[in-house]
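J.: coords please:
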Amino acid sequence: QVQLVESGGGSVQAGGSLRLSCTASGYTYSNYCMGWFRQAPGKERERVSNIGRDGSTSYADSVKGRFTISRDNAKKTLYLQMDSLEPEDTAKYYCAADPPFYGGCSRTFPYWGQGTQVTVSS
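T.: Numbering: from 1, shown residues only. Just a heads-up that it's a prediction; the model follows:
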């Protein structure tokens, strides 16, 4: 079955950097779109960034220019490089997998990891 395991979270000061990783197993990784989402206490989960099967990327406005999503299909790993971190980035970060659908992806992201905590102090 699909398994996603995030790592790389931690505590940093504002302005610092972290690199999150998400290792996938149980499916043909290269066929799936992938995404990063986050949820802060008391807030709804929000999309951070996603990457298509062709490597195309998109970002939430709040992280554009600071975060970079990438994928290594040979290693079945998704990355999120987070620079210039702000206290508002504090949240639990989740990776998710989106299966192929009619030449694109389903946009339903039915598969999720357990998350990794990122805490940014001012």
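J.: what's downstream of the worst-scoring helix or strand of the chain on mean pLDDT, the next helix or strand?
T.: Within the chain, judged by mean pLDDT, DSSP states H and E, the helix or strand with the poorest mean is strand 104-105; its value is a mean of 88. Moving toward the C-terminus from strand 104-105, the next helix or strand (DSSP states H and E) is strand 111-112.
J.: give the pairing partners of that next one; include direction for each.
T.: strand 91-98 (antiparallel) (DSSP bridges).
J.: could you pull out the buried residues of the strand it pairs with?
T.: By neighbour count with 16 or more other CB atoms under 10 Å, strand 91-98 contains the buried residues 91, 92, 93, 94, 95, 96, 97, 98. C-betas here are computed from N, CA, C, even on glycine.
J.: cool, and stretch 7-15?
T.: 8, 9, 12.
J.: redo those residues as a markdown table? Include pLDDT and secondary structure.
T.: Formatted as a markdown table, the buried residues of stretch 7-15 follow (pLDDT from 0 to 100; DSSP: H, G, I helix; E, B strand; the rest coil):
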| residue | pLDDT | secondary structure |
| --- | --- | --- |
| 8 | 98 | coil |
| 9 | 97 | coil |
| 12 | 98 | strand |
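J.: and of the residues you listed, the nearest to residue 69?
T.: Within these, proximity to residue 69 (CB to CB) peaks at residue 8, which comes in at 13.2 Å.
J.: tell me if I'm right that that closest one and residue 21 touch.
T.: Yes: between residue 8 and residue 21 there is a contact at 5.0 Å, judged by CB atoms under 8 Å.
J.: pretty sure residue 57 is touching residue 71, no?
T.: No: between residue 57 and residue 71 there is no contact, the gap being 9.5 Å when judged by CB under 8 Å.
J.: with that, I have no additional questions.
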